[in-house]
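Visitor: Below are the sequence and a predicted model for it; my questions follow.
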Amino acid sequence: MQSPWQLKVGVQFVLAHVPGGETVNNALQRWNGSFGDAAIRGRVLGLARCLSEHLDVSGKTIVEIGTGWDAINALMLRVFGAGRIYSYDHVRHLRFDLAMNVVRQIGASTAAIAEISGIEPAVLEERIAPLAQATNIQELLEAARIDYMAPGDAARTGLPDRSVDIVYSYAVLEHVPEDVIASITKEARRVLVPGGIAFHNIGEHDHYVSVDPSISKVNFLQYPEWAWSLFVKNKISYHNRLREPDFLRIFAANGATVTNKESYIDPSDLEAVKHMRLDPRFTGLTAEELAVTKTQVTLAFD
C-alpha cells in the first residue's frame, strides 16, 4: 500500500508529464486549502516577520525571483514600502483571484502587521487601498508597482548594471538546478548597486512531509539520486535536495560574501539523520549540516 508521501510524489510525477498538468496541480492546491484564507494569513504574517527582521525595503528597487500563483511576496514587499519590484517567473502562473485574496488577507491583518513591523496602521492602509481597488491583474500590478516578467529569467533580467538595491527570493532556490542558482548569483552581482544585497529564504526540508506528519523533514535524503531525479526533478515538483553547505559553496564561487545567516535544525530531524541510511551523494556532510531544513541568508558583493 502506498504511503501519502509516495502517493503525492506519484500524482505530481504524472501531472508533470501530461498536458495541462500544472493547471490540474493548481486546482488540487486550491482544493486542499493551500490558498485558503487561514493559510494565506499565516503566510502573510510569516513574511511580515521575515521582512521586519531582515530587510529595509522602503523606497528600494527589488528583483524578486519566483512570483508564483498569488504574488504574495511581491505584494508584501510593496506593502512594506518597496519603490519598484521586478518579479520574474519561468511560467506565467499568476492568477488575479489568488492575488486579490492575498490583498484581502493583508488588509484583514493590518493590525498584526503593524505590531510586527512597527509601520503605522495608517501607512499600511494607504498602501493597501489602491491594491484593493484593482479590477484586473494589470491594474493590480500597476498599483503594486510590480513589473511582472513571465515567462522571464532572473538569471538574465535585462536590467542595467548597478540598478537594483535588493535581489530577493523566498522558498525558490530549493526548486531550481545548481547551475541556475550560480547564474542567478552572478546576475545579482551584476545588477546590484554598490552596497546592495541579495536575500534568500531557502527551504531545505522534504516538501512532501505535509501529507505525512509521521516522517521527518529530512526523509528525502534516503532516496537514491537516480530515483529522485526520475520522479521528483520535474517541472511541477522539482526539488534539488541541496544542503546548506552546497548553497553557500555556490554563492561563494560566484562572488558573494555571507553577511548574515540563520539556520534552523529540528532536534528530531537531527536524530533522524543520525539513524538514516543516506544516499551516497550526501557523503562527507555532518549530521548537523544534513539536518538544516531552513536557511535565511544575506549576501553582499564586492
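Guide: Ah, there it is.

Visitor: Give me the buried positions along the helix or strand containing residue 5.
Guide: Using DSSP states H and E, residue 5 maps to helix 4-15. Neighbour counts over helix 4-15 (16 or more other C-beta atoms under 10 Å) mark 5, 8-9, 11-13, 15 as buried. (Glycine included, C-beta is placed from N, CA and C.)

Visitor: ok now the helix or strand bottoming out on mean pLDDT in the chain, how far from the chain's centre?
Guide: Every helix and strand in the chain was compared by mean pLDDT, DSSP states H and E; the lowest is helix 21-31, with a mean of 85. Counting by C-alpha atoms, centre = their mean, to the nearest Å, helix 21-31 is centred 18 Å from the centre of its parent chain.

Visitor: how about the helix or strand that comes right after it as CSV, C-alpha atoms only?
Guide: Downstream of helix 21-31, the first helix or strand assigned by DSSP H and E is helix 37-54. Extracted in CSV, the C-alpha atoms of helix 37-54 (Å, rounded to 0.1, in the frame of the first residue of the first chain):
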residue,chain,number,x,y,z
ASP,A,37,-7.8,32.4,4.0
ALA,A,38,-6.2,30.8,7.0
ALA,A,39,-3.2,29.6,5.0
ILE,A,40,-2.7,32.9,3.4
ARG,A,41,-3.0,34.9,6.6
GLY,A,42,-0.3,32.6,8.1
ARG,A,43,2.0,33.2,5.2
VAL,A,44,1.3,37.0,5.3
LEU,A,45,2.3,37.1,9.0
GLY,A,46,5.4,34.9,8.4
LEU,A,47,6.6,37.2,5.6
ALA,A,48,5.9,40.3,7.8
ARG,A,49,8.2,38.8,10.5
CYS,A,50,10.9,37.9,7.9
LEU,A,51,10.9,41.3,6.3
SER,A,52,10.9,43.1,9.6
GLU,A,53,13.8,41.1,10.9
HIS,A,54,16.0,41.1,7.8
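
Visitor: which other helices and strands contact helix 37-54?
Guide: helix 72-79, helix 96-108, helix 110-117, strand 292-301 (3 or more C-beta pairs under 8 Å, 6 or more residues apart in numbering; DSSP states H and E).

Visitor: who's in contact with the helix or strand following the third one?
Guide: On the C-terminal side of helix 110-117, the closest following helix or strand by DSSP H and E is helix 121-132. Residues lying outside helix 121-132 but in contact with it, judged by C-beta atoms under 8 Å, 6 or more residues apart in numbering, are 75, 78-79, 81, 103-104, 106-107, 110-111, 113-114, 140, 143-144.

Visitor: what do you get if the cut-off is 10 Å, keeping everything else the same?
Guide: 75, 78-82, 99-100, 102-104, 106-107, 109-111, 113-115, 117, 119-120, 139-145 (C-beta atoms under 10 Å, 6 or more residues apart in numbering).

Visitor: Let's see it as CSV, backbone CA atoms only.
Guide: The C-alpha trace of helix 121-132 is given here as CSV (Å, rounded to 0.1, in the frame of the first residue of the first chain):
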residue,chain,number,x,y,z
PRO,A,121,-1.5,51.2,10.5
ALA,A,122,-2.5,54.4,8.6
VAL,A,123,0.6,53.9,6.3
LEU,A,124,-0.2,50.3,5.7
GLU,A,125,-3.8,51.1,4.9
GLU,A,126,-2.7,53.8,2.5
ARG,A,127,-0.5,51.3,0.6
ILE,A,128,-3.2,48.6,0.6
ALA,A,129,-6.1,50.7,-0.5
PRO,A,130,-5.1,51.1,-4.2
LEU,A,131,-4.4,47.3,-4.4
ALA,A,132,-7.9,46.5,-3.1
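
Visitor: these two touch, right, residue 139 and residue 96?
Guide: Yes. Here residue 139 lies in contact with residue 96, judged by C-beta atoms under 10 Å, at a distance of 9.3 Å.

Visitor: Who has more neighbours out of the two?
Guide: Between residue 139 and residue 96, residue 96 has the larger neighbour count (other C-beta atoms under 10 Å), namely 17 against 14.

Visitor: Give me the distance between the closest residue to that one other than its chain neighbours and residue 83.
Guide: Spatial nearest neighbour of residue 96, chain neighbours left out: residue 137 (4.4 Å); criterion: C-beta to C-beta, 6 or more residues apart in numbering. For residue 137, the distance to residue 83 (C-beta to C-beta, to the nearest Å) stands at 21 Å.

Visitor: How about the residue positioned nearest the centre of the chain: what's its closest non-neighbour residue?
Guide: Centrality entry for the chain: nearest residue to the mean C-alpha point is residue 171, 2.2 Å, by C-alpha atoms, centre = their mean. The spatially closest residue to residue 171, leaving aside those adjacent along the chain, is residue 203, at 5.0 Å (C-beta to C-beta, 6+ apart).
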